[in-house]
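Novice: next input, structure requested:
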Amino acid sequence: LLTVEDAYQTLRRFLMVHQRENSKKITIITGKGSPAKEGLIHHEIQNWLDTPFFKNKINEVRWLNGGGAIEIRLKRNKK
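Specialist: Purely as a prediction, here's the structure:
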């Protein structure tokens, strides 16, 4: 299991690698968390995606599977 900070850094690296490789989209599985307690990473990820770092790299975000995964369409890497 990742801490929230580990998950944030992992997401940043994952996104940068895929943008560098000119991937069109990526899918991130966050899970939904348990019914009694929503997962912390699931809760925080939308806040992260709204920051300038991510907004500059992302064209579109779409939640899938009832909120258990996110499809991200990436902006093209400027050469």
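Novice: could you list the alpha-carbon positions for the longest helix that the chain contains in PDB?
Specialist: For the chain, the helix that runs over the most residues, judged by DSSP state H, is helix 4-20. Taking Å, rounded to 0.1, in the frame of the first residue of the first chain, the C-alpha atoms of helix 4-20 are listed here in PDB:
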ATOM      1  CA  VAL A   4      -0.800   9.500   0.000                       C
ATOM      2  CA  GLU A   5       2.500  11.300  -0.700                       C
ATOM      3  CA  ASP A   6       3.900   8.100  -2.400                       C
ATOM      4  CA  ALA A   7       0.800   7.900  -4.500                       C
ATOM      5  CA  TYR A   8       1.100  11.500  -5.600                       C
ATOM      6  CA  GLN A   9       4.800  11.100  -6.600                       C
ATOM      7  CA  THR A  10       4.100   7.900  -8.400                       C
ATOM      8  CA  LEU A  11       1.200   9.500 -10.300                       C
ATOM      9  CA  ARG A  12       3.500  12.400 -11.300                       C
ATOM     10  CA  ARG A  13       6.200  10.100 -12.600                       C
ATOM     11  CA  PHE A  14       3.700   7.800 -14.400                       C
ATOM     12  CA  LEU A  15       2.200  10.800 -16.200                       C
ATOM     13  CA  MET A  16       5.500  12.300 -17.200                       C
ATOM     14  CA  VAL A  17       6.800   9.000 -18.600                       C
ATOM     15  CA  HIS A  18       3.600   8.500 -20.700                       C
ATOM     16  CA  GLN A  19       3.600  12.100 -21.900                       C
ATOM     17  CA  ARG A  20       7.300  11.800 -22.900                       C
END
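Novice: distance between it and the chain's centre?
Specialist: 8 Å (Cα atoms, centre = their mean, to the nearest Å).
Novice: kindly report the same for stretch 59-76.
Specialist: Mean-position distance between stretch 59-76 and its chain equals 7 Å (Cα atoms, centre = their mean).
Novice: mean confidence (pLDDT) on that stretch, please.
Specialist: Mean per-residue pLDDT for stretch 59-76: 90.
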